[in-house]
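K.L.:
what's the 3D shape of this:
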Amino acid sequence: MADAQKSLLIKRYASRRLYNTETSDYVTLDDIAGFIRDGREVQIVDLKSGDDLTRQYLLQIIAEHESRGESVLPVEVLNDLVRSYMSGDVSVVPQFLKASFDMLRDGQAKMMENMSSLNPMSKMPGMEAMQAQQEAFLKAMTGRWGSGTTPNPEPEVEEPEETEDLDAIKQQLAELQAKLSKIK
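P.N.:
Residues are numbered from 1 along each chain as shown. Have a look, this model is predicted:
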């Protein structure tokens, strides 16, 4: 866990090559995006000047993903971001975005905690399947922030067996809801 908390130092050489100081090898922007998806914090500094270039490279990673059609940010949000940079006023956009992402991560963590084995409801029949379904949904919705997993870039093809499993989960959920209604 300490490794996930420790910032990974990447040095940019005069040749613009990026050097991972942990593994002593050169890395690409895709490698850096992978480190971040895996939950690592990165810091990118210019070797000669010592300037922190992290923000510049993170924006470049986002721009490359957006240009490949992996759009996350709606055009309206991008317009608002540009306006916030162009106005002379102090913008609340950065604080709002940070608070929103913090709230999303906290909500995901609390939901996962509530689904854990410490919760008495986790002992109910069918709850494991429901937990797995909810976890998959959360990871899909949040882009796996902080989960330590790398998203699968190719869409999964649903097999007939998976459809049967989904039907079984739906049936178990309906039975669970009926039991909860009777308890009330």
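K.L.:
could you check the pLDDT of E22?
P.N.:
The score at E22 is 94. That number is its pLDDT.
K.L.:
what about it, which SS state?
P.N.:
For E22, the assignment made with DSSP: H, G, I helix; E, B strand; the rest coil gives coil.
K.L.:
would you enumerate the residues in contact with it?
P.N.:
Shown in contact with E22 (CB atoms under 8 Å, 6 or more residues apart in numbering): 8-9. Where you see a C-beta, it was placed from the backbone N, CA and C, and this is true even at glycine.
K.L.:
CA atoms only: put the longest helix along the chain into CSV for me.
P.N.:
Under DSSP state H, the helix in the chain containing the largest number of residues is helix 160-183. The C-alpha coordinates for helix 160-183 follow below in CSV (Å, rounded to 0.1, in the frame of the first residue of the first chain):
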residue,chain,number,x,y,z
PRO,A,160,-25.3,-17.0,-24.0
GLU,A,161,-24.1,-18.4,-20.6
GLU,A,162,-23.6,-14.8,-19.3
THR,A,163,-27.2,-14.0,-20.3
GLU,A,164,-28.4,-17.0,-18.3
ASP,A,165,-26.3,-15.8,-15.4
LEU,A,166,-27.8,-12.3,-15.7
ASP,A,167,-31.3,-13.9,-15.7
ALA,A,168,-30.4,-15.9,-12.6
ILE,A,169,-29.2,-12.7,-10.9
LYS,A,170,-32.4,-10.9,-11.8
GLN,A,171,-34.4,-13.8,-10.4
GLN,A,172,-32.4,-13.8,-7.2
LEU,A,173,-32.8,-10.1,-6.9
ALA,A,174,-36.5,-10.3,-7.3
GLU,A,175,-36.7,-13.1,-4.6
LEU,A,176,-34.5,-10.9,-2.3
GLN,A,177,-36.8,-7.9,-2.8
ALA,A,178,-39.9,-10.1,-2.1
LYS,A,179,-38.2,-11.4,1.2
LEU,A,180,-37.4,-7.8,2.2
SER,A,181,-40.9,-6.7,1.6
LYS,A,182,-42.2,-9.5,3.8
ILE,A,183,-39.8,-8.5,6.6
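K.L.:
so which elements touch that helix?
P.N.:
Using 3 or more CB pairs under 8 Å, 6 or more residues apart in numbering; DSSP states H and E as the contact test, the elements touching helix 160-183 are helix 127-142.
K.L.:
do you have the helices of this protein handy? List them.
P.N.:
In the chain, the helices defined using DSSP H lie at 2-5, 29-37, 54-67, 75-86, 93-114, 127-142, 160-183.
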